[in-house]
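# Sequence and predicted structure below; questions after.
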Amino acid sequence: MKIAPVVIVAFVMAIVSPAFAKQLKVLMVGNSFSVCVLKQMPQCAADAGVVLDLASLYIGGCPLEKHWKNVEMAKNENFKPYSFSYNYASVKNKADAPVAKLGGKTNIPQALKADKWDVVTIQQASPKSPFPETYEPFAKNLIATIREHAPQAEIVIQQTWSYTPYSSFLARNKMTPKTMYTAVEAAYAKLAERYGLRTIPTGCAVDMYRDRLPVKYDKVLTKAEIDAIAKPGLIDFQGDPAGSSKWKKGRKGQKDANKVKLRVDASHLNSDGHYLQACTWLATLFKYDVTKLKYAPEGLAPERAALMRTCAAEAASMYAK
């Protein structure tokens, strides 16, 4: 029986499409909301039996506008503003990875050409993510750059998540975690529709998990109450996958940078949230049923790990193309 050429082409594309692959090379162009994928994604991928080569271009808090400006400045090949890190499952020795030649610093064009990426992810900086007017024309230009230097790669958006109630950003913008997520989701949806891109719905999985746990803050402590906490006391984030507190010195430039005190991170995922993020990436990029995943990080309660896998699977299914 003769099979029509168009059917053959469609069948072959289905086989080689990154969405159905058992092995992927993924480059993340992002910030602290993407570099954290390296914390749990390699372990989850290994447990799922897939081969993942994962690399990160990182500048803390980097928005799309700055990514594009960095592309323009990369005409000078010595301009290397990004910290570059990677985890390659396809090689035994880290030095054998094709990207090893980049060292720890690079720029976007160099990284795009350093390996034959199957997927390149992009995202907006989290404080700008609820505001769609901040995305363009920088997203358009960045997407064009990726397509120029890595034409074989699928560009995928990571949908970022909303902050915890301890965030001063929410208060300034008269938002709650839920209303911030609603705005973030809408902004990324417009971006995805405009360029026909798939989305890794990390923010959706976080929001879903918060609703189902449920995460209910009995009381959000005031600054004075936080300052009154005695070491080694910490803040209870009520099971939220985002938010953490730690006794440490401050960042360079802060007035009290050299003082050890209880520091609050109201926006980044915590160690539990890193697992939820990884499950969402695995379910989206590999179309793997993460409810079957056996691996979970040490210290994460089994029932919470199971709920995270369920939320990740359902979020990925909702956004599947």
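Here it is on my side, so go on. Numbers count the residues shown, from 1 in each chain.

# ok, Arg304 touching Ser271?
No. The criterion here is Cβ atoms under 8 Å, and Arg304 misses it with Ser271 at 11.7 Å. In short, each C-beta sits where N, CA and C put it, glycine included.

# which residues of the stretch 1-150 of the chain fall in strands?
When secondary structure is read from DSSP state E, counting those that start in this stretch, the stretch 1-150 of the chain shows strands at 23-30, 51-58, 82-88, 105-106, 119-122.

# quick one: the helices in this structure?
Counting by DSSP state H, the chain has these helices, from start to end: 5-16, 32-35, 37-48, 64-73, 108-114, 138-149, 168-172, 177-195, 202-212, 223-227, 271-285, 302-318.

# now for the last one, which elements pack on it?
If contacts are counted by 3 or more Cβ pairs under 8 Å, 6 or more residues apart in numbering; DSSP states H and E, helix 302-318 sits against helix 202-212, helix 271-285.

# same thing with the third one?
With contacts defined as 3+ Cβ pairs under 8 Å, 6+ apart, the secondary structure elements packing on helix 37-48 are strand 51-58, strand 82-88, helix 271-285.

# Out of these, which one sits most buried?
Compared across the helices and strands packed on helix 37-48, helix 271-285 shows the largest average neighbour count, a mean of 27 (mean count of other Cβ atoms under 10 Å).

# could I get that one in PDB with only the CA atoms?
The C-alpha coordinates for helix 271-285 follow below in PDB (Å, rounded to 0.1, in the frame of the first residue of the first chain):
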ATOM      1  CA  SER A 271      14.100  23.300  47.800                       C
ATOM      2  CA  ASP A 272      10.700  21.700  47.600                       C
ATOM      3  CA  GLY A 273       9.700  24.100  44.800                       C
ATOM      4  CA  HIS A 274      12.800  23.100  42.800                       C
ATOM      5  CA  TYR A 275      11.300  19.600  42.600                       C
ATOM      6  CA  LEU A 276       7.900  20.900  41.400                       C
ATOM      7  CA  GLN A 277       9.700  23.000  38.800                       C
ATOM      8  CA  ALA A 278      11.700  20.000  37.500                       C
ATOM      9  CA  CYS A 279       8.600  17.800  37.300                       C
ATOM     10  CA  THR A 280       6.900  20.500  35.300                       C
ATOM     11  CA  TRP A 281       9.800  20.800  32.900                       C
ATOM     12  CA  LEU A 282      10.100  17.000  32.500                       C
ATOM     13  CA  ALA A 283       6.400  16.600  31.800                       C
ATOM     14  CA  THR A 284       6.400  19.400  29.300                       C
ATOM     15  CA  LEU A 285       9.600  18.800  27.300                       C
END
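
# Let me know the distance separating the spatially most central residue of the chain from Leu213.
What sits nearest the mean C-alpha location of the chain, by Cα atoms, centre = their mean, is Ser34, with 3.4 Å. Here Ser34 is placed at a distance of 24 Å from Leu213 (Cβ to Cβ, to the nearest Å).

# Can you list the buried residues in stretch 192-210?
By neighbour count on 16 or more other Cβ atoms under 10 Å, the buried set for stretch 192-210 is 192, 197-210.

# before we move on, what about stretch 287-305?
288, 290, 293, 296, 300, 304-305.

# Columns pLDDT on top of the residues you listed, output as a markdown table?
Listed next are the buried residues of stretch 287-305 as a markdown table, based on pLDDT from 0 to 100:
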| residue | pLDDT |
| --- | --- |
| Tyr288 | 96 |
| Val290 | 98 |
| Leu293 | 98 |
| Ala296 | 98 |
| Leu300 | 97 |
| Arg304 | 98 |
| Ala305 | 98 |
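
# Now compare those and name the two farthest from each other.
Tyr288 and Arg304 (20.0 Å; Cβ to Cβ).

# you'd agree the residue nearest to the centre of the chain is up against Gln158?
Yes. Ser34 lies in contact with Gln158 (Cβ under 8 Å); the separation is 6.1 Å.

# anything in contact with each of these two?
28, 121, 123 (Cβ atoms under 8 Å, 6 or more residues apart in numbering).

# C-alpha coordinates for stretch 79-96, CSV please?
Only the C-alpha atoms of stretch 79-96 are listed here, as CSV (Å, rounded to 0.1, in the frame of the first residue of the first chain):
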residue,chain,number,x,y,z
PHE,A,79,31.9,40.7,26.1
LYS,A,80,30.8,37.8,28.3
PRO,A,81,28.3,38.9,30.9
TYR,A,82,26.6,35.6,31.6
SER,A,83,27.6,33.0,34.1
PHE,A,84,27.5,29.7,32.3
SER,A,85,26.8,26.3,34.0
TYR,A,86,25.7,23.0,32.7
ASN,A,87,24.9,19.3,33.5
TYR,A,88,25.4,16.9,30.6
ALA,A,89,24.0,13.4,31.0
SER,A,90,25.4,12.3,27.6
VAL,A,91,29.0,12.5,28.6
LYS,A,92,30.9,10.7,31.4
ASN,A,93,33.3,13.6,32.1
LYS,A,94,32.1,17.2,32.3
ALA,A,95,35.1,18.4,30.3
ASP,A,96,34.0,16.3,27.3
